[in-house]
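next one to model:
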Amino acid sequence: MTRSETYPASAHLGVVGWNHKEWVGGFFPGDMPEDWRLTYFNTQFGFVYLSREEWLKAGHEEWRRWGAECHDQFLFLLEASPEDVMPHELEGRCKRVEAGCEDVIWFDRNTDLKRLASALRERSQGVTWLISRDADLGQIGRVRTLLELLGVNA
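Numbering: from 1, shown residues only. Purely as a prediction, here's the structure:
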């Protein structure tokens, strides 16, 4: 059996939000200004997940700034209902994620990595979005290592 027959074609690792205070002095350098965090975050992750409330609250100026601060391949996964209009400021840089989206696997610091590997194995095609709910850097690192060991293109 080949890897592509047992694991998704690609799995992307991301986090709910990027501005986590507990990351200061660890992930983010302690002296980094808060408004530089997204720019730094997008060098380490391929996407960020934002709740509907958070991205709608931000508005046009903020969306424009987000797009300008991130590289062209960085993606904003936006929780949205079918009637929500995606921000044109992030056109081509955002993806709608509706509740119960089958392409998403949520994890947190208590997620069993063997179960996570099994869940990935069940997704033999397409893209899978692995999203950390609690931004636990230790678990994010372990999930990143798991993806590498599984040979999944992350």
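
list of residues touching the longest helix belonging to the chain?
With secondary structure taken from DSSP state H, the chain has its longest helix at helix 52-69. Applying Cβ atoms under 8 Å, 6 or more residues apart in numbering, the set of residues contacting helix 52-69 from outside is 17, 38-39, 42, 76, 78-81, 84, 87, 89-90, 93. Any C-beta I mention is one placed from the backbone N, CA and C, and that applies to glycine too.

need the residues you listed in JSON lines with neighbour count and secondary structure, can you?
Rendered in JSON lines, the data for those read as follows (neighbours: other Cβ atoms under 10 Å; DSSP: H, G, I helix; E, B strand; the rest coil):
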{"residue": "17", "neighbour count": "16", "secondary structure": "coil"}
{"residue": "38", "neighbour count": "18", "secondary structure": "helix"}
{"residue": "39", "neighbour count": "15", "secondary structure": "helix"}
{"residue": "42", "neighbour count": "20", "secondary structure": "helix"}
{"residue": "76", "neighbour count": "22", "secondary structure": "strand"}
{"residue": "78", "neighbour count": "22", "secondary structure": "strand"}
{"residue": "79", "neighbour count": "20", "secondary structure": "strand"}
{"residue": "80", "neighbour count": "20", "secondary structure": "coil"}
{"residue": "81", "neighbour count": "9", "secondary structure": "coil"}
{"residue": "84", "neighbour count": "14", "secondary structure": "coil"}
{"residue": "87", "neighbour count": "21", "secondary structure": "coil"}
{"residue": "89", "neighbour count": "18", "secondary structure": "helix"}
{"residue": "90", "neighbour count": "18", "secondary structure": "helix"}
{"residue": "93", "neighbour count": "19", "secondary structure": "coil"}
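
want to throw these into JSON lines with pLDDT and distance to residue 31?
Output for those, formatted as JSON lines (pLDDT from 0 to 100; distance: Cβ to Cβ, whole Å):
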{"residue": "17", "pLDDT": "97", "distance to residue 31": "21"}
{"residue": "38", "pLDDT": "97", "distance to residue 31": "17"}
{"residue": "39", "pLDDT": "96", "distance to residue 31": "15"}
{"residue": "42", "pLDDT": "96", "distance to residue 31": "19"}
{"residue": "76", "pLDDT": "97", "distance to residue 31": "27"}
{"residue": "78", "pLDDT": "97", "distance to residue 31": "31"}
{"residue": "79", "pLDDT": "96", "distance to residue 31": "32"}
{"residue": "80", "pLDDT": "95", "distance to residue 31": "36"}
{"residue": "81", "pLDDT": "91", "distance to residue 31": "40"}
{"residue": "84", "pLDDT": "94", "distance to residue 31": "37"}
{"residue": "87", "pLDDT": "95", "distance to residue 31": "31"}
{"residue": "89", "pLDDT": "96", "distance to residue 31": "30"}
{"residue": "90", "pLDDT": "95", "distance to residue 31": "29"}
{"residue": "93", "pLDDT": "94", "distance to residue 31": "29"}
